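> next come a sequence and a model predicted from it.
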Amino acid sequence: MSELLEIDGLRVHFDTLDGPVEALHSVSLSVKEGQIMGVVGESGCGKSVTSLVTIGLATCDVDEGSIKFEGDELIQKTPEKTQKILSVLKYSSSAFTIGLILSLFWTFLEPIQGLQGSAIMLTGFIICFISARILDAPRSRHEKFMRSIRGNKISMIFQEPMTALNPLYTVEKQVAEVLKQHNRLDHAEISRVLKFGKSIISPAEMLVRFLRNDWKGVLPLVSVFTLILIFHQTNNSSLILGLIANKYAAMIIASAFVWLVFSTLFFDRDDEDRDLIKLDTTSTEEMPGSIGLLGNVRIIDDFTRANYALIVVSWLVISILLWIPFGVLMTIIFSVAILAIPPIQISNYFTLDTAHTRQVVRILKDVRIPNPEAVVKMYPHELSGGMRQRVMIAMMMACEPKLLIADEPTTALDVTIQAQILNLMKDLRDREGTAIMMITHDLGVIAETCDAVTVMYAGSVVETGSLKQVLGSPRMPYTIGLLHSIPRIKEAGEERVDLPIIPGQVPDPNEKFDGCRFHPRCPFADDLCRTKPPQMHEVAPGHFAACHHTEVTDNLVVAQEAFSSEGFLQSGVNVQ
């Protein structure tokens, strides 16, 4: 297999208030075509920074190194001299802009001199602007190249899908956006002219659809509004308004009766509602002629108490509509319609074409999302964690990338969903031939899915090789410590022991080390480890480790026992 991604000697730093902080120290790794490369290490080891620098989304500065994808360089390096010139041109453009504004004000006092000054300032601004664009052209071309690569040939599954998905857009729009960005959408079935025409009549279609699908709910509203218009046209609105004001209690009961009639005739009540009209058999036998009256009275009483707030608000609205003059009322209605119709038409114009919706549904089916026809219309908050992660994978696989970077894709998911996501990614690799860079701190995930493993510690690669080499016969003490820290089920008759650990934690990036960065936590550290940084060297064909004492780690059982020995744990190891 040929090399798909090659990272060589990558060093980056972040600018902070305390000065530059070096996050990566000469990181080198590679991913072959169709390979699943696992990148493992504790939190803070630089795994995510490496992935973000690869796709050009990191906010750090690259000091040196190279990242090549299919032979193309992904890091754009602007010469320091050019950066200084661009900085001068930027400040000069700001100065000319301020001068132009002042010159324009000066024209009110001295027109000739003000116009001359404005012309000079405008000329200076144009020269600075054009010069900056010319000098910055290589960076602009590289950024355009990176936009064509991201999401197309290289995709990334971010650690938290809820923050990566836009909560304001449906699933179909977010997946289709990726396809549209890289010209992967199917041919639309509806032309732009026809789509524009449909959007113009969409409010009428929406109204007809609403009347047809919910006519039982529309009928009371239309009836009340029709009565209000009749009262206005017959000049009886004041009379009805006076009755409402003087006979409020009676109108409440009447309103309840009206709502009761509508609900009885046009609405389906469930079993609990039907229980309201059940009467005691003994009382009905004694008063057979009063059954209907008692039933209606009980229904009215229960309905009024349950919907008191609705009744009050309804009659308050009716009172306002009767109080407002007819001309003003119609003006308000037409104004609301004029304001509401254009947004409906615009939103309808930007809806997805049916061909594009079917394309998104097919993509969701590829990642085994159940009922994709319904999921495409949902928003991210309506989906579970596993479903959101599947949608993220669908977005990233929409353009069939050659490399998929998965930054802890199973974080915050339960064990069952984790297994489904991992199997899904393996199936995608087998079906599409996509190489995967799996970033995780879970060695179980590495053992389950990966072909090769790269171990990172404190911003450096400390061991790399095949899965069998790194997990079966690790030679770097840090890798041995990670394997030693995996909890083990106690066998029958064994004494319970404390959970094995690696003492201390990942060192602060600000801390300077003369030797190996792992030496404060290593049981094999000596003066050589404290004074000289180890270099990566080949301990077996294709297996590299950065350690001065790989000969003492040849026996894995003995090396692991060194981490749990009382002498090491009580030696006052220098930990952060």
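Thanks, I have it.
> can you map out the strands along the stretch 51-200 of the chain?
Counting by DSSP state E, counting those that start in this stretch, the stretch 51-200 of the chain has strands at residues 61-69, 72-73, 154-157.
> actually the chain, not the one I wrote
Listed in chain order, the strands of the chain (DSSP state E) span 3-16, 19-32, 36-40, 61-69, 72-73, 154-157, 403-407, 435-440, 452-457, 460-466, 536-540, 543-546.
> ok, and what's touching the first one?
With contact meaning C-beta atoms under 8 Å, 6 or more residues apart in numbering, strand 3-16 is reached by 20-33, 35, 49-50, 53-54, 58-70, 402-403, 435, 437. Bear in mind the C-beta positions are built from the backbone N, C-alpha and C, glycine included.
> nearest to residue 534, of the strands of the stretch 51-200 of the chain?
strand 61-69 (19.2 Å; C-beta to C-beta).
> distance between that closest one and the chain's centre?
27 Å (C-alpha atoms, centre = their mean, to the nearest Å).
> helices or strands next to that strand in the packing?
Strand 61-69 sits against strand 3-16, strand 19-32, helix 47-54, with contacts defined as 3 or more C-beta pairs under 8 Å, 6 or more residues apart in numbering; DSSP states H and E.
> and the protein, what are its domains?
Split into domains by automatic domain parsing, the chain comes to 80-149, 211-344, 447-490+497-569.
> tell me the most buried of those?
domain 447-490+497-569 (a mean of 18; mean count of other C-beta atoms under 10 Å).
> got the contact list for the residue nearest to residue 486 when sequence neighbours are not counted?
In this structure, residue 486 finds its nearest non-sequential neighbour in residue 443, 6.3 Å apart by C-beta to C-beta, 6 or more residues apart in numbering. Each residue near residue 443 by C-beta under 8 Å, 6+ apart is listed here: 40, 471, 482, 483, 486.
> apply 7 Å and report the result again.
Applying C-beta atoms under 7 Å, 6 or more residues apart in numbering to residue 443 gives the contacts 40, 482, 483, 486.
> now do the spatially most central residue of the chain against residue 406, distance only.
For the chain, residue 164 is the residue whose C-alpha lies nearest the centre (C-alpha atoms, centre = their mean; 1.7 Å). Distance of residue 164 to residue 406, computed by C-beta to C-beta, to the nearest Å: 12 Å.
> which residue ranges of the stretch 301-450 of the chain form helices?
Assigned by DSSP state H, counting those that start in this stretch, the helices in the stretch 301-450 of the chain fall at 308-323, 326-349, 354-366, 372-375, 385-397, 415-432, 443-449.
> let's have the ones you listed in CSV, adding distance to residue 503.
Shown next, in CSV, are the helices of the stretch 301-450 of the chain (distance: least, C-beta to C-beta, whole Å):
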stretch, distance to residue 503
helix 308-323, 64
helix 326-349, 59
helix 354-366, 46
helix 372-375, 47
helix 385-397, 34
helix 415-432, 29
helix 443-449, 19
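> make a markdown table from those helices and add mean pLDDT to it.
Shown next, in a markdown table, are the helices of the stretch 301-450 of the chain (pLDDT from 0 to 100):
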| stretch | mean pLDDT |
| --- | --- |
| helix 308-323 | 71 |
| helix 326-349 | 82 |
| helix 354-366 | 89 |
| helix 372-375 | 92 |
| helix 385-397 | 85 |
| helix 415-432 | 83 |
| helix 443-449 | 87 |
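> quick one, which of these is nearest to residue 84?
So among these, helix 385-397 is nearest, using C-beta to C-beta, at 38.7 Å.
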